[in-house]
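> Fold the stuff below for me.
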Amino acid sequence: MSAPSAVHDAHPPVPLPSSLSVGALAWRSVTAAGRAFARLSPPTDVAMHPDASRIAAAYRSERHLLIDGSSPGAWSSLSRFWPVADGWVRTHGNYPHHATALRTGLALSASAGADDVAARLRELSMSAAVSAIGSVGGLCVPVRTEDPAPDAALRQHPIVATERLGDAPPRRLPTASAAQPLRGVRVLDLTRVIAGPVATRTLALAGAEVLRIDAPQRPEFTWQHLDTGHGKRTALLDIRAQPDRLEQLLAGADAVVLGYRPDGLRRLGLAPHALASRHPHLVIAQLTAWPGADSPRGFDSLVQAESGIAWLESPDGGDTPGALPAQALDHSAGYLLAAGIADALRRRADEGGTWTVRTSLRRVAAELLGMPRGEAARTVGDPPADPVTQSFDVDGQRVTTAVPAVVWPGSPTLYAPPRAWGRDAPEWLPTP
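Sure thing, here's the model as predicted:
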């Protein structure tokens, strides 16, 4: 798939003010998904007209989420920028196991708070902090200044890389409607935290049956699932203990979306080439934080820090690092991955074959860093404070979320509601 910057459609400014072209990246990523879905149901040469305000709200959806009228806190006090002896680092400690690793790496007690972490980090250099926390599985990266050379090298590769891994007979897509071009397509979702769930939420919007699998020992935050779980079923399955059950799900799937680190996929027998050898009918989508076969754990905020974006977004001219107005790397990667999956399903139907679709948050960051900036990147207005929303009842709670941003001819204007996390059986629905 070509980079979204290669799409030159004129469009209204997406209100995501930044020194970088965040709004343009958002528009092009959302439009890529809409176009991919439109190509599944001819005619294909149709102009896409997303709503700029809806895109801005979708990219900041966690800020518009309400559960019983209240906004849940999205960030832990241990997920932030910290000054160290020779600069700054960024940590991620939202999940309990990441917070535990952060404290352990810094030789702090289990009850240590943000002040304790700050005091300890001020004693360390960037490299010492990254090494200490990373050595025990914690998440910490240096806040670097921009280096154009690696970004230019990354932009030599497609933002979504699609590769045919092997031969397999064509598998036609089920009969679908314009509103649901993926109706009857089964997608196994092995992702979490924004980018992957946004991709599979978008596939569900297009009619796919999406089944998300989580490990029982890694509970998901309720708010995070409600923000990105629209239209999916979710089940708990220890795939290490029940590999045969996972194989049954893979055999019945059309696509699998992988969010585990590459080394974890290898240990589980889920590396793309291994999957292709066992299930040559699959479209295999892989999302990582950094490109390559050895990508470590990572999140949007960490990639922003490592890539130089945090300094470009400094709120005070360079004294302290800052952040984009949305988790734009995550959301863009999600929409672009959904577009790549839809295109690979179409190619599988026309040509046959086993296909992989890959992108990384760092590759998306390189794209953003290569787009116009400064005056050329300016947008008009702040993100909408009161976006168009929809509400549903989920497990006894009243949930309000942002509405879909992706459009194609006949597309739904509202999401199907999320279901209670982990309550479904780990099995496909019967074929109608």
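> where exactly do the helices run in the stretch 51-200 of the chain?
Using DSSP state H, counting those that start in this stretch, the helices of the stretch 51-200 of the chain run over 52-59, 61-64, 96-105, 114-122, 126-134, 148-154, 195-205.
> Figure out which of these is closest to residue 315.
When these are compared by CB to CB, helix 61-64 sits nearest residue 315, at 17.4 Å. Yep, even glycine has a C-beta here, placed from its N, CA and C like the rest.
> Please spell out the segments of this structure that come in under the pLDDT threshold.
The chain contains residues with pLDDT under 70 at 1-9, 42-48, 380.
> Pretty sure residue 395 sits against residue 420.
Yes - if you go by CB atoms under 8 Å, residue 395 and residue 420 touch, sitting 4.0 Å apart.
> ok, residue 84 - contacts?
Residues counted as contacts of residue 84 (CB atoms under 8 Å, 6 or more residues apart in numbering) are 121-122, 124-126, 129.
> So what's the residue count around residue 123?
For residue 123, the number of neighbouring residues by other CB atoms under 10 Å comes to 11.
> any idea how far the nearest residue to it once chain neighbours are set aside lies from residue 318?
Nearest residue to residue 123, sequence neighbours excluded (CB to CB, 6 or more residues apart in numbering): residue 85, at 6.7 Å. Taking CB to CB, to the nearest Å as the measure, residue 85 falls 19 Å from residue 318.
> now residue 430
Taking CB to CB, one finds residue 430 at 59 Å from residue 318.
> Show me which of the two is the more surrounded one.
Each of residue 430 and residue 318 has its neighbours counted (other CB under 10 Å); residue 318 has more, 11 against 5.
> In contact with the residue lying closest to residue 379 once chain neighbours are set aside, which residues?
Distance criterion CB to CB, 6+ apart; nearest residue to residue 379, sequence neighbours excluded, is residue 13 at 4.0 Å. Contacts here follow CB under 8 Å, 6+ apart; on that basis residue 13 touches 23, 52, 378-381.
> from these, which would you call buried?
By neighbour count, with 16 or more other CB atoms under 10 Å, the contacts of residue 13 hold 23, 52, 379 as buried.
> Residue 399: which of these is nearest?
The closest of the buried ones among the contacts of residue 13, once distances to residue 399 are taken by CB to CB, is residue 52, at 24.8 Å.
> And the helices in the stretch 251-400 of the chain?
262-268, 272-278, 300-307, 309-312, 328-351, 361-369.
> now could you export just the CA positions of stretch 410-418 as CSV?
Taking C-alpha atoms only, stretch 410-418 is exported to CSV below (Å, rounded to 0.1, in the frame of the first residue of the first chain):
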residue,chain,number,x,y,z
GLY,A,410,-23.7,2.7,2.1
SER,A,411,-21.5,2.6,5.2
PRO,A,412,-23.1,2.6,8.7
THR,A,413,-23.1,5.8,10.5
LEU,A,414,-23.1,4.2,14.0
TYR,A,415,-21.2,1.3,15.6
ALA,A,416,-22.7,-1.9,16.9
PRO,A,417,-22.3,-1.8,20.6
PRO,A,418,-19.3,-3.3,22.5
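> Buried residues in that stretch, which are they?
Under 16+ other CB under 10 Å, the buried positions of stretch 410-418 are 411-412, 415, 417-418.
> would you turn the residues you listed into JSON lines with secondary structure and distance to residue 184?
Converted to JSON lines, the buried residues of stretch 410-418 look like this (DSSP: H, G, I helix; E, B strand; the rest coil; distance: CB to CB, whole Å):
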{"residue": "411", "secondary structure": "coil", "distance to residue 184": "17"}
{"residue": "412", "secondary structure": "coil", "distance to residue 184": "16"}
{"residue": "415", "secondary structure": "coil", "distance to residue 184": "19"}
{"residue": "417", "secondary structure": "coil", "distance to residue 184": "21"}
{"residue": "418", "secondary structure": "coil", "distance to residue 184": "21"}
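> What is the most widely separated pair among those residues?
411 and 418 (19.0 Å).
> what's the nearest residue to residue 14 once chain neighbours are set aside in contact with, if anything?
Sequence neighbours aside, residue 23 is the residue nearest to residue 14 in space, at 3.3 Å (criterion: CB to CB, 6+ apart). With contact set as CB under 8 Å, 6+ apart, residue 23 has these partners: 13-16, 52, 55-56, 377, 379.
> what do you get if the cut-off is 6 Å, keeping everything else the same?
Each residue near residue 23 by CB atoms under 6 Å, 6 or more residues apart in numbering is listed here: 13-14, 16, 379.
> That one sits in which helix or strand?
Using DSSP states H and E, residue 23 falls within helix 22-38.
> Residue 389 is nearest to which of the helices of the stretch 51-200 of the chain?
So among the helices of the stretch 51-200 of the chain, helix 61-64 is nearest, using CB to CB, at 6.3 Å.
> which residues are contacting that closest one?
57, 74, 227, 387, 402.
> From residue 425, how far out is the residue nearest to residue 320 when sequence neighbours are not counted?
Once flanking residues are discounted, residue 320 sits nearest to residue 314: 6.2 Å by CB to CB, 6+ apart. Counting by CB to CB, the gap between residue 314 and residue 425 amounts to 49 Å.
> Same question for residue 274.
Counting by CB to CB, the gap from residue 274 to residue 425 is 26 Å.
> neighbour count winner among those two?
More neighbours surround residue 274 than the other of residue 274 and residue 425, with 14 against 11 (other CB under 10 Å).
> quick one, what contacts the more buried one?
Residue 274 touches nothing, counting by CB under 6 Å, 6+ apart.
> what's the neighbour count on the residue nearest to residue 123?
12.
> And it, how far from residue 427?
Taking CB to CB, one finds residue 85 at 53 Å from residue 427.
> Over to residue 401?
Distance, residue 401 to residue 427, by CB to CB: 27 Å.
> okay, the two: which has more neighbours?
residue 401 (28 against 14).
> Using the three-state scheme, assign the more buried one.
Under DSSP: H, G, I helix; E, B strand; the rest coil, the three-state class of residue 401 is strand.
> okay, now the nearest residue to it once chain neighbours are set aside: neighbour count?
Distances taken as CB to CB, 6+ apart put residue 65 closest to residue 401, at 5.7 Å, once the chain neighbours are dropped. Neighbour count for residue 65, taken as other CB under 10 Å: 21.
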